[in-house]
Every structure is written in C-alpha cells, then in structure tokens.
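>>> Give me the fold of what follows.
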Amino acid sequence: MAKQKKQQRESLIVASKVKAYIRDKKMMTASDCLDAINDRLYQILDCAIARAKANKRATVRPQDI
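Below you'll find the predicted structure:
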C-alpha cells in the first residue's frame with residue numbers, strides 16, 4: 001500500500017526562535033525537526049480542544065494541555 005502524502009499545515013512555531021533555542025543548548029537542528037515539532041504542537045492543541053469540548057467549554061485552559 002502506498003504512503004499517503006502528508007497534508008501541509010500552517011506552521012504554528014517561529015522557526016528562528018526554535019533554532020536559536022536549540023543552538024543555545026550547543027546542538028544543531030535537523031532539516032525535518034521543525035515539521036515534527038509543528039505536528040506535535042497540532043496534536044497537543046487538538047487534544048486540549050477535545051478536552052475543553054468534553055467539559056462543555058468554549059475556552060481552552062492551561063489544564064487542558
């Protein structure tokens with residue numbers, strides 16, 4: 001079965017800030033690292049939104065994350 005092409009989503013991170021943070025820790029950033037961070041952030045936000053909805057709220061709160 002062929003792999004489906006992953007849908008490109010808008011970036012929610014500031015790439016230069018992420019790279020600078022990693023560089024400050026004396027590490028380098030892989031070319032696909034920013035995409036993975038962005039994907040994980042979407043997962044975190046989707047879970048937080050689902051939790052807020054399950055609690056019948058329209059506001060995502062820190063405890064949802």
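
>>> Flag the shaky bits of the chain, pLDDT-wise.
1-6 (pLDDT under 70).

>>> Quick one: the strands in it, in order.
All residues of the chain lie outside strands when identified by DSSP state E.

>>> Now do the contacts for the residue nearest the centre of it.
Taking C-alpha atoms, centre = their mean, the centroid of the chain lies closest to Leu41, which sits 1.6 Å from it. Listed by C-beta atoms under 8 Å, 6 or more residues apart in numbering, the contact partners of Leu41 are Leu12, Ile13. No exception for glycine: its C-beta is placed from N, CA and C like everyone else's.

>>> what's the longest helix in this protein?
Scanning the chain for the helix with the most residues, using DSSP state H, yields helix 33-54.

>>> So what's the residue count around Gln7?
The number of residues packed near Gln7 is 5, by other C-beta atoms under 10 Å.

>>> just Met28 next, same as before
Residues lying near Met28 (other C-beta under 10 Å) number 8.

>>> What's the separation between it and Ile65?
As judged by C-beta to C-beta, to the nearest Å, Met28 and Ile65 stand 28 Å apart.
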